[in-house]
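Colleague: My questions concern the predicted model and sequence given below.
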Amino acid sequence: MLDIIMTPIRALRVRYIPLLLIYFAYGSSVFVGIAGSFWVKKELSLSAEDLVALGVWLTVPWTIKMIFGQMVDSITIFGSNRKVYVFIGALLMTLSTVLLIGIIGEHAWIADYSKESIYIFASVLGVVGYVMQDVVADTMTTEVVDKTQSPEDIKKELAIIQVLARLSLGLAVFVMGWLGGELSSIYDYETVYILSLFIPILSIVGVLAVKLNPVDVSPLNKKVFFGGMLFAVFVVLIGYNDIPYSQEIVFVVSLGVVLYLLSTLIEDLDANTIKHIKMAMIVIFVYRAMPSVGPALQWWEIDVLRFDEAFFAKLAMIGGGIALAGMWFAAKFIVDRSIGKVLIFLTIISTILAMPILGMYYDIHTMLGLDARTIAVVDTALASPFDYIAGVLMLTLVAIYAPEGKKGTWFALMASLMNIALSASGLFSKYLNKVFVLTREIKENGVVVTPANYDDLGILLWIVIGVGFVVPIVTIWMFNPDPTHNK
């Protein structure tokens, strides 16, 4: 037990800390999560389907990470091909926050513009900033490793760095999610967003202090870079011109582009490694492509269960804290166990832990004399660690196969594939929300223009839970991604 507790502490090195601070900044984005959700529900007229569709578009910057990966590998700005991109990302995050402060506070300098339009534009800016910093941080995880070790020890260090990165992110979620929620219940939403300007500052402090192994600038892969740029232009044109089925078109094209670019990146590897990489790609894609209920679930919790900002802050604190502890205690387990078996275990546990919410929809908690808030607290505490653990397993697979001299592009392309899977999840969720229409109450000038309707939420929950259990289990059983597994 003591060995398990001490694993992350023993593994921590001073050279990791600045890098971990960048991950902490990324996790701190949850600081405005509760304030943002309540403000959107109260002030914007976007439907559940609209918000799910927006979520699909917001995954696109993550999908074109290959552009940023090539820049990190091959393009220097002011003599830097690492740190400068963190500064650029921080600038974009700051601009995004300032725009949101403007519309939330209803300031005169932005009053002539639609709140919905500015919200969408600011959201995209912020996502691009986080994507840019994420590409650099992922690349740097392979450049703070002690290269004098044996290959097996390097593999273990890559895994433990991913664990420490998730712990740093989890610590931020634990502290900042709770703090932001509590402040949302005390102060107005504009104040919370003003305070969130500390986030880009954290990432800048981290990148100023980080020390990396020297890495040569790689030649620009023109096929990847310009192919990615063309794809980005294609996405913008499709989205701007509001072409029918634009999200579906972008999904199919982006999946084809990323798979093609990945195939060119790994074509020099041996056949067995390529086979295991492809199996890992399939499992990662399917695991992340499972649909979700969408924002209507939180609306129902607010309207029916009467959860408020302070309670969501408590859930954020409990969820973040338990996730942090779970990642801490799972560190040795993650490094030493079969990745496929752990993913199957996580799928089963996640399915079981989805049942309390389903039961509350059918009012079973009232029949049993249980309080909805107590159930939500317990369920959040139990479920919290598992998404983080799954994320670490996937990133460990990516790190293990990162080819020398192409790591930025490799991480970017694999992250693109993972986020295309999230686009698939968003599309599935959007279609489910088209079939099962769920609405919150919307008022205009004090008059109800859209009544609340959560009648089909139970059916939607059953479908999401069932698909999320069966499909990943079958896929993992068929394609074991463990690099030591022989098929």
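Modeller: Nice, I can see it. Numbering: from 1, shown residues only.
Colleague: what about Lys443, how many neighbours?
Modeller: 10 (other CB atoms under 10 Å). All C-beta atoms are positioned from the backbone trio N, CA, C, and that covers glycine.
Colleague: ok, Ser74 - contacts?
Modeller: Ser74 is in contact with Asn81, Val217, Ser218, Pro219, Leu220, Asn221, Phe225, counting by CB atoms under 8 Å, 6 or more residues apart in numbering.
Colleague: Ser47 now?
Modeller: Ser47 touches Thr439, counting by CB under 8 Å, 6+ apart.
Colleague: Look up the closest residue to Phe311, ignoring the ones flanking it.
Modeller: In this structure, Phe311 finds its nearest non-sequential neighbour in Arg373, 6.3 Å apart by CB to CB, 6 or more residues apart in numbering.
Colleague: among the contacts of Ser74, which are in helices?
Modeller: Phe225 (DSSP state H).
Colleague: Any idea which residue is closest to the centre of the protein?
Modeller: Asn419 (8.4 Å; CA atoms, centre = their mean).
Colleague: Now that residue. Nearest residue, chain neighbours left out?
Modeller: Nearest to Asn419 is Trp62, by CB to CB, 6+ apart, at 3.5 Å.
Colleague: Tell me if that neighbour really is in a helix.
Modeller: Yes - counting by DSSP: H, G, I helix; E, B strand; the rest coil, Trp62 is found in a helix.
Colleague: From Ile364, how far out is it?
Modeller: 38 Å (CB to CB, to the nearest Å).
Colleague: So if I had to pick from those two, which one is more boxed in?
Modeller: With neighbours defined as other CB under 10 Å, Trp62 and Ile364 compare such that Trp62 has more, 22 against 14.
Colleague: wait, what's in contact with the more buried one?
Modeller: Val127, Val131, Ala415, Ser416, Met418, Asn419, Leu422.
Colleague: repeat that for 7 Å
Modeller: Going by CB atoms under 7 Å, 6 or more residues apart in numbering, Trp62 touches Val131, Ala415, Ser416, Asn419.
Colleague: Same question for Leu54.
Modeller: Ile120.
Colleague: where's it, which helix or strand?
Modeller: Assigned by DSSP states H and E, Leu54 belongs to helix 48-58.
Colleague: now that helix, how far from the chain's geometric center?
Modeller: 15 Å (CA atoms, centre = their mean, to the nearest Å).
Colleague: got it, and stretch 111-124?
Modeller: That offset, for stretch 111-124, works out to 22 Å (CA atoms, centre = their mean).
Colleague: So for that stretch, mean pLDDT?
Modeller: The average of the pLDDT scores along stretch 111-124 is 90.
Colleague: Now do the same contact list for Ser203.
Modeller: Ser203 touches Ile22, Ala25, Val86, Gly89, Ala90, Gln133, counting by CB under 7 Å, 6+ apart.
Colleague: mind checking the longest helix of the chain?
Modeller: Assigned via DSSP H, the chain shows its longest helix as helix 151-186.
Colleague: Greatest separation within the contacts of Trp62: which pair is it?
Modeller: Across the contacts of Trp62, the longest distance by CB to CB is 9.9 Å; it joins Val131 and Ser416.
Colleague: Give me the common contacts of these two.
Modeller: By CB under 7 Å, 6+ apart, the residues touching both Val131 and Ser416 are Trp62, Lys65.
Colleague: between those two, who's got more neighbours?
Modeller: Shown here are Val131 and Ser416; by other CB under 10 Å, Ser416 has more neighbours (31 against 23).
Colleague: Which of the helices or strands spans that one?
Modeller: helix 407-435.
Colleague: Show me what counts as buried in that helix.
Modeller: Buried positions in helix 407-435, judged by neighbour count with 16 or more other CB atoms under 10 Å: 407-430, 432-433.
Colleague: Tell me both backbone torsions, phi and psi, for Val449.
Modeller: phi -100, psi -20 (degrees, to the nearest 10).
Colleague: Could you point out the helix or strand that follows the helix or strand bottoming out on mean pLDDT in the chain?
Modeller: Scoring the helices and strands of the chain by mean pLDDT, DSSP states H and E places helix 2-11 at the bottom, with a mean of 60. As assigned by DSSP H and E, the chain's next helix or strand after helix 2-11 is helix 17-27.
Colleague: list the helices and strands that next one packs on?
Modeller: helix 115-140, helix 151-186, helix 198-209 (3 or more CB pairs under 7 Å, 6 or more residues apart in numbering; DSSP states H and E).
Colleague: ranking these by mean pLDDT, which is last?
Modeller: Taking the mean pLDDT of the helices and strands packed on helix 17-27, helix 151-186 comes last: a mean of 80.
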